[in-house]
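> below are the sequence and a predicted model for it; my questions follow.
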Amino acid sequence: MKVQPAAFLRTTLPFDLSQLDVLDSGRYHSIWLPDHMVSFWPDSIWTPEFTELATISPSPHRHLDGLAVAAAAAVLTKNVPIASSVVDTVRRHPSSLAQTALTIDHLSGGRFILGVGSGESENTVPYGFDYARPVSRFEESLKVIRLLWDSDWPVDFSGEFYQLHHARMDTEPYRGRYPKIWIGASGPRMLQLTGRYADGWWPAGAWTPEDYAAKLKVIRTAADEAGRDPTGIVPAFIMTCLIGDESELQEILQAPLIKSWILQISASALKAFGFKHPMGENWGGFQDIDPGVLTRERVLEMLAKVEPEAILAVLPHGTPQQVAKQIKAFVDAGLRVPKILDYGGMAGLKYGALSAAKVRATEDELLKLCGQ
């Protein structure tokens, strides 16, 4: 399997579909669309005092529906697969997901990838969704989706979370093939489910090539035990990076939004790199983020404690050549579809304007290293 980068399409306002022709040119394996209600950045620092990005967008949470945008991208492109990355199974009933995925697959001519995950508290709890036992709910959702797709007759299902009574889904798959299912997973149970059900894998966190390889081994073992082809599961990853030369990185690392990235990694994961988490030893990473309740005082206290060295220890960083070399180590560990995400673009308008060119240069360098 060759290495091929994926593209990313923002689903927030201000919204722009003008680059779809470029993304559909054959360069990219797929286009990934996030599906959020809320972003990770705390409200308390999304102000002009902390970031000039707040001067062009009053909120970081102006999200459009990811699946609706996927449908639009499906009819505006001809070649590249369209992937939700990822839809949670807390906010959306599996029967609705099954139907929506079939719809977008027909609109795209068989190019839709249903990316699903167990969800995060920030997108569920504030809206009154039950976030208890998300992995068990996720597994049952997968069973319902497959049951509806694979049954040629009305079905009954009695589970802990979902009940089907003479339910049917008579819409046939596009040209006899159902959409691919890719799973966002990092925990032991989710990795097992990925091996048993998925056609592709996004880690929700794999901070080193060794960690990536170990998680991929769990998936492939689970696939083999389920009688599936382990090599048929596509290993992907959103590679969050800081792309810039030494002087740029010094400036980037001072930006509050860059420092707040530390919220997305758990205390235990950061400890493995030799650093204490500024949010305390019990911080669970992105699963614990609720941007509306992280007060200004708590965020300021956190920012004062952030060690730039901790961020650099975790994230690939440097020039495009240097970052490509670091990502190549993940390729050697099994990665085949990387989406290179330059988080340094969040440091301000200047860096945001440079980000796309930096990512493209890094992609080119990575492909050279991979002999492509």
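Okay, I see it.
> for residue 74, what are its contacts?
Residues in contact with residue 74, defined by CB atoms under 8 Å, 6 or more residues apart in numbering, are 82, 104, 107, 108, 111, 112. Heads up, the C-betas are built off the backbone N, CA and C, glycines and all.
> cool, residue 318 as well?
In this structure, residue 318 makes contact with 242, 243, 244, 245, 249, 326, judged by CB under 8 Å, 6+ apart.
> can you give me the strands in the stretch 201-350 of the chain?
Residue ranges of the strands in the stretch 201-350 of the chain, as given by DSSP state E, counting those that start in this stretch, are 234-243, 317-318, 337-342.
> dump the longest one to CSV, restricted to CA.
Translated: strand 234-243. Output for strand 234-243, consisting of C-alpha atoms alone and laid out as CSV, is shown next (Å, rounded to 0.1, in the frame of the first residue of the first chain):
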residue,chain,number,x,y,z
VAL,A,234,-6.1,1.4,6.1
PRO,A,235,-3.9,2.9,8.8
ALA,A,236,-4.4,6.7,8.8
PHE,A,237,-3.6,9.6,11.2
ILE,A,238,-4.1,13.3,11.6
MET,A,239,-0.5,14.4,12.1
THR,A,240,-0.6,17.5,14.2
CYS,A,241,2.6,19.4,13.6
LEU,A,242,4.3,22.8,14.1
ILE,A,243,5.9,23.7,10.8
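> so residue 136 is in which element?
Here residue 136 sits within helix 134-150, counting by DSSP states H and E.
> what helices and strands are in contact with the following helix or strand past that helix?
Counting by DSSP H and E, the next helix or strand C-terminal to helix 134-150 is strand 155-158. If you count contacts as 3 or more CB pairs under 8 Å, 6 or more residues apart in numbering; DSSP states H and E, strand 155-158 packs onto helix 134-150, strand 163-167.
> tell me how far strand 155-158 lies from the chain's centre.
Mean-position distance between strand 155-158 and its chain equals 31 Å (CA atoms, centre = their mean, to the nearest Å).
> and for stretch 323-332?
In terms of CA atoms, centre = their mean, the centre of stretch 323-332 is set 19 Å apart from its chain centre.
> which residues in the stretch 51-200 of the chain form helices?
With DSSP state H, counting those that start in this stretch, the ranges of helices along the stretch 51-200 of the chain come out as 66-76, 94-108, 134-150, 188-197.
> now the first one: buried residues?
Of the residues in helix 66-76, 66, 67, 69, 70, 71, 72, 73, 74 count as buried by neighbour count, 16 or more other CB atoms under 10 Å.
> kindly report the same for stretch 20-37.
Using 16+ other CB under 10 Å as the test for burial, stretch 20-37 gives 20, 23-24, 28-37.
> any weak-confidence spans in this structure?
Scanning the chain with the threshold set as pLDDT under 70 gives 1.
> which ones are touching the residue nearest the centre of it?
The residue at the geometric middle of the chain, judged as the C-alpha nearest the mean C-alpha position with CA atoms, centre = their mean, is residue 85 (4.9 Å). By CB under 8 Å, 6+ apart, the contact list for residue 85 reads 32, 33, 34, 35, 115, 182, 184, 202, 238.
> hang on, isn't the first one packed against residue 5?
No. Between residue 32 and residue 5 no contact is recorded; they are 10.6 Å apart, counting by CB atoms under 8 Å.
> joint contacts of these two?
Counting by CB under 8 Å, 6+ apart, the contacts common to residue 32 and residue 5 are residue 339.
> how close does the residue nearest to residue 330 when sequence neighbours are not counted get to residue 185?
Beyond its immediate neighbours in the sequence, the residue positioned closest to residue 330 (CB to CB, 6 or more residues apart in numbering) is residue 209, lying 5.0 Å away. Relative to residue 185, residue 209 is positioned 18 Å away (CB to CB, to the nearest Å).
> looking at those two, which is more packed in?
More neighbours surround residue 185 than the other of residue 209 and residue 185, with 28 against 18 (other CB atoms under 10 Å).
> enumerate every residue touching that one.
By CB under 8 Å, 6+ apart, residue 185 lies in contact with 117, 191, 193, 194, 198, 201, 202, 203, 204, 219.
> and the closest residue to residue 332 other than its chain neighbours, what is it in contact with?
Spatial nearest neighbour of residue 332, chain neighbours left out: residue 209 (6.6 Å); criterion: CB to CB, 6+ apart. When contacts are counted by CB under 8 Å, 6+ apart, residue 209 is found next to 329, 330, 332, 333.
> count of neighbours near the last one?
By the other CB under 10 Å criterion, the neighbourhood of residue 333 contains 20 residues.
> surely it meets residue 215?
No. Because the distance of 9.5 Å does not satisfy CB under 8 Å, residue 333 is recorded as not touching residue 215.
> phi, psi of residue 306?
According to degrees, to the nearest 10, the main-chain angles of residue 306 amount to phi -70, psi 130.
> picking up where we left off before, most neighbours among the contacts of residue 209, which one?
Across the contacts of residue 209, the neighbour count under other CB under 10 Å reaches its highest value at residue 330, namely 24 neighbours.
> buried residues, stretch 299-316. List them.
Residues of stretch 299-316 classed as buried by neighbour count (16+ other CB under 10 Å): 299, 302, 303, 306, 310, 311, 314, 315, 316.
> take the residues you listed and keep only those in helices.
299, 302, 303, 310, 311, 314 (DSSP state H).
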